[in-house]
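K.L.:
what shape does this take:
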Amino acid sequence: MRHGNKNNNLSRTASHRRALLANLGSQLITYKRITTTLAKAKALRTYIEPLITKTKNTASKEAIMHNHRIVFSYLMDKLAVKELFTVVGPKVASRPGGYTRIIKLGTRPGDASEIAMIELVDFNEIYGKGITKAAEPAKKTRRSGGKKKAEGDAEATVAAPKTKKAKGDDLKLIEGIGPKIAETLTAVGVVSFADLAASTPEKIKEILDAAEGNFNAADATTWPEQAQLAADGKMEELKELQDKLKGGREV
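P.N.:
Presented below is the predicted three-dimensional model:
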């Protein structure tokens, strides 16, 4: 029984199957595409793709020679091995896998066997027209690279910090300041209670006189005092003071 055995024996002995796949693999490397039965094409794909991957190990001269010997032990064809390492290898260097493509061609007239064409993907000039050729092999990245990227982003953030507009206080809490006066004061840089407390009634009057609008009725005499209480957080004392005022003026 063949429990757990997923390999297709192709109705051949082990030695006959190895010889068949070696012959088909050599022909595929030499001619870049061959036509055979669908079952043989599927078996050939799992046989030839690991051999193509071995052409990528070019770390040293010893590694290249070692892989030459391993591939030759499978294909037993010097010309096919040379073609694989000199022509096919550089062509597929940027591809991380999936070097072959199987295209079904229907059934054979004699025995109704399913026929398919297996080819090397990078050597198909029709399908490869819209594919940009990679200049260098794809680089493998490790997880630690994300930390470096995060550090680089942090440095860029420190180098060019975003300027945030300072959040101002609600100047309309001051007795005598309405929305238009608050907008006028904010336009000249008086945006907080501390800014208003640091000003004098005369300076505030000059700001209002220079602005567009009729603020002649506004009395800024108590505004700095109210703003100081609000800046210190003494809201109860501010309310007591405002109860004695009318429009910002002492009654």
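K.L.:
contact partners for the residue lying closest to residue 32 once chain neighbours are set aside?
P.N.:
Nearest residue to residue 32, sequence neighbours excluded (Cβ to Cβ, 6 or more residues apart in numbering): residue 123, at 4.2 Å. (Each C-beta comes from the backbone N, C-alpha and C, glycine too.) If you count contacts by Cβ atoms under 8 Å, 6 or more residues apart in numbering, residue 123 has them with 32-33, 91.
K.L.:
need the pLDDT of residue 237.
P.N.:
With respect to pLDDT, residue 237 scores 82.
K.L.:
also the one 3 residues further on?
P.N.:
Reading off the per-residue confidence, residue 240 sits at a pLDDT of 81.
K.L.:
near residue 114, how many other residues are there?
P.N.:
Per other Cβ atoms under 10 Å, the neighbour tally for residue 114 reads 13.
K.L.:
can you pull the contacts of it?
P.N.:
37-39, 104, 106-108.
K.L.:
tell me which residues are up against stretch 25-45.
P.N.:
7-8, 10, 17, 20-21, 24, 47-48, 51, 74-77, 79-80, 83-84, 88, 100, 102, 104-105, 108, 113-120, 123-124.
K.L.:
now do the end-to-end distance for it.
P.N.:
Taking Cα to Cα, to the nearest Å, stretch 25-45 runs 9 Å from one end to the other.
K.L.:
one step back: nearest to residue 216, of the contacts of residue 114?
P.N.:
The nearest member of the contacts of residue 114 to residue 216, counting by Cβ to Cβ, is residue 104 at 92.6 Å.
K.L.:
next, give phi and psi for residue 117.
P.N.:
Dihedral angles of residue 117 (phi, psi; degrees, to the nearest 10) stand at phi -110, psi 130.
K.L.:
and it, how far from residue 196?
P.N.:
Plainly put, residue 117 is 85 Å away from residue 196 if you go by Cβ to Cβ, to the nearest Å.
K.L.:
those two - which one has more neighbours?
P.N.:
The neighbour comparison of residue 117 against residue 196 (other Cβ under 10 Å) goes to residue 196, with 24 against 15.
K.L.:
helix or strand: which one has the closest residue to residue 173 other than its chain neighbours?
P.N.:
Ranked by Cβ to Cβ, 6+ apart and with sequence neighbours excluded, the top spatial neighbour of residue 173 is residue 230, at 6.2 Å. When elements are assigned from DSSP states H and E, residue 230 belongs to helix 223-231.
K.L.:
swap in residue 7?
P.N.:
Using DSSP H and E, residue 7 falls within no helix or strand.
K.L.:
for residue 39, see how far away it is.
P.N.:
Distance, residue 7 to residue 39, by Cβ to Cβ: 11 Å.
K.L.:
more neighbours: the two, which one.
P.N.:
Under the criterion of other Cβ under 10 Å, the comparison of residue 7 against residue 39 puts residue 39 first, with 14 against 10.
K.L.:
what's the per-residue pLDDT of the more buried one here?
P.N.:
You'll see residue 39 listed with a pLDDT of 96.
K.L.:
in a helix, that's where it is, yeah?
P.N.:
Yes - under DSSP: H, G, I helix; E, B strand; the rest coil, residue 39 falls within a helix.
K.L.:
going forward can the numbers begin at 196, since that is how I track them
P.N.:
Shifting the count to begin at 196 puts that one at residue 234.
K.L.:
measure it to residue 295 for me?
P.N.:
15 Å.
K.L.:
so what touches stretch 197-217?
P.N.:
Against stretch 197-217 from outside (Cβ under 8 Å, 6+ apart): 234-235, 237-239, 242-243, 269-272.
K.L.:
and for residue 278, the neighbour number?
P.N.:
17.
K.L.:
kindly state the pLDDT recorded for residue 444?
P.N.:
pLDDT, residue 444: 61.
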